[in-house]
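K.L.:
pasting the sequence and the predicted coordinates here, then a few questions.
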Amino acid sequence: MVNFRHFVNVTSLSIRVKTAAYFIAVMQHSELPSLKDFQIHVGVLPWADAEQLCCALSKRKEKQTLETIAILCDSRRLPEPSDNSLTVVPYFLSFTQLRNLRLSRTCCIHLDNDLLLEAASSWPHLRTLEIAGLQVPPAVTFRGLFAALRLCPHLHRLEIFMDAVNIDIDPEAESFQHAALQSLDMT
């Protein structure tokens, strides 16, 4: 098994693997005290492995230094429980220095107004939030979006699946400007 303990000055780790299982075990037995940027590209990432990977990340000491987390999956079809959506965002709430979070999966990633607001409260330095997992029906509304944007003044890229059909705000009463936001994808 690879031991990363000898790499105390590594600030960026990017890895491409077929499955996450082996890397989860490696993470549990290694430390990268200077790590700021973590990216993993996984060929196949079943629902249970995704949950386990996020859980393992949340238990790491580097959660006080990590600024970027990207978990990307290449697979188009995954066997998933039909009645579950992946609830991984809470695992990252303790990453106080988080500036960029990219979660890209083809399964459902749970995100609603309350969770988006909690995330925005936990990550005041957030610049990029991309959660590209389909959730049907979408649970984030304009009210939740506006509340979160108010807490993230540095956010310049946001990609989430949201309900853009049902307008649950009064545009006259709840209008505001967000000077930093440059890219908004409400796919």
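P.N.:
Structure received. Numbers count the residues shown, from 1 in each chain.
K.L.:
and residue 49, what element?
P.N.:
Applying DSSP states H and E as the criterion places residue 49 in helix 47-58.
K.L.:
helix or strand with the lowest mean pLDDT in the chain?
P.N.:
Taking mean pLDDT, DSSP states H and E as the measure, the chain has helix 21-28 as its least confident helix or strand, at a mean of 83.
K.L.:
name the next helix or strand downstream of that one, please.
P.N.:
strand 37-42.
K.L.:
the chain: helices as residue ranges?
P.N.:
Assigned helices in the chain, in chain order: 21-28, 47-58, 113-122, 142-151 (criterion: DSSP state H).
K.L.:
what about the last one, distance to the chain center?
P.N.:
Once both centres are worked out by Cα atoms, centre = their mean, to the nearest Å, helix 142-151 turns out to sit 17 Å from its chain's centre.
K.L.:
what's the answer for the shortest one, then?
P.N.:
Relative to the centre of its chain, helix 21-28 is centred 19 Å away, using Cα atoms, centre = their mean.
K.L.:
buried residues in the helix holding residue 49?
P.N.:
Under the neighbour-count criterion of 16 or more other Cβ atoms under 10 Å, helix 47-58 has 47, 49, 50, 53, 54, 56, 57 buried. No exception for glycine: its C-beta is placed from N, CA and C like everyone else's.
K.L.:
in terms of model confidence, name the weakest of those residues.
P.N.:
Here the lowest pLDDT out of the buried residues of helix 47-58 sits on residue 47, with 81.
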